[in-house]
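Participant: Build me a model from this:
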Amino acid sequence: MRKVFLFICLNFLFFNAYSQVSDPGNDWLSIQKTLNLYLDGQATGDSVKVGQSFHDSWQLKYFADNKLNIVRKSDYMKGYKAPYARVSNWSGRIISIDITNSVAAAKVEISTSKLLFIDYFNLMKINQDWFIVDKISTRTPHKTVEAPTASTK
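Facilitator: The predicted structure follows:
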């Protein structure tokens with residue numbers, strides 16, 4: 001009887017300790033939720049959604065005119081005026097997510113009628129929530145090709 005009781009107690013101890021460990025699947029879903037909040041906000045100009053996905057220390061870094069440019073969250077958020085309806089020629093998708101403990105990196109693609117943006121995010125788990133803490137970005141014009149016109153006879 002004593003062995004059975006000891007066995008049961010050890011199982012409860014193990015179960016309790018195991019439940020303290022972060023669930024990678026749950027982290028994956030939480031990161032997807034944060035990234036989708038960002039994408040939804042970008043698609044509709046919703047500063048509230050975008051702002052909720054960013055940590056207060058968030059910064060955008062990009063290279064233009066032969067220099068590294070850094071934009072703080074407060075300055076970035078000033079660019080949003082008012083939410084609008086999602087346009088049909090806009091799309092966004094998560095390309096990849098890599099998680100290690102309480103940090104993650106993600107790659108996101110946003111396509112507009114004229115530009116293709118690739119954003120790389122660093123995320124951190126803070127008080128059980130995932131936030132984007134940094135973003136580096138690049139953009140490329142869509143390549144357009146003129147199709148030959150059919151000749152009429």
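Participant: Provide the secondary structure category for the residue with the shortest distance to the centre of the chain.
Facilitator: Centroid check for the chain by C-alpha atoms, centre = their mean gives L35 as the closest residue, at 3.0 Å. Of the three states, L35 takes helix according to DSSP: H, G, I helix; E, B strand; the rest coil.
Participant: Against N69, how distant is it?
Facilitator: To N69, L35 is 23 Å away according to C-beta to C-beta, to the nearest Å. Quick note: C-beta positions are derived from backbone N, CA and C, even for glycine.
Participant: cool, H142 as well?
Facilitator: Plainly put, H142 is 23 Å away from N69 if you go by C-beta to C-beta.
Participant: for K125, same thing?
Facilitator: In terms of C-beta to C-beta, K125 sits 28 Å off from N69.
Participant: The two: which has the busier surroundings?
Facilitator: K125 (17 against 10; other C-beta atoms under 10 Å).
Participant: Quick check: can you name the pairing partners of the helix or strand containing that one and their directions?
Facilitator: For K125, the host element (DSSP states H and E) is strand 115-126. Based on DSSP bridges, the strands next to strand 115-126 in the sheet, each with its direction, are strand 103-111 (antiparallel), strand 129-141 (antiparallel).
Participant: Tell me how far the longest one lies from the chain's centre.
Facilitator: Here strand 129-141 shows a centroid-to-chain-centroid distance of 7 Å under the convention C-alpha atoms, centre = their mean, to the nearest Å.
Participant: again, but for the shortest one
Facilitator: The gap between the average C-alpha position of strand 103-111 and the chain average comes to 5 Å, counting by C-alpha atoms, centre = their mean.
Participant: pLDDT score for the residue nearest to the centre of the chain?
Facilitator: On the pLDDT scale, L35 is placed at 98.
Participant: Tell me, please, where in this protein the pLDDT is lower than the cut-off.
Facilitator: The model of the chain has pLDDT under 70 over residues 1-24, 144-147, 150-153.
Participant: one more time with 90
Facilitator: The chain contains residues with pLDDT under 90 at 1-25, 63, 81-82, 86-88, 142-153.
Participant: quick one: the strands in it?
Facilitator: Secondary structure of the chain, counting by DSSP state E: strands at 54-64, 67-72, 91-100, 103-111, 115-126, 129-141.
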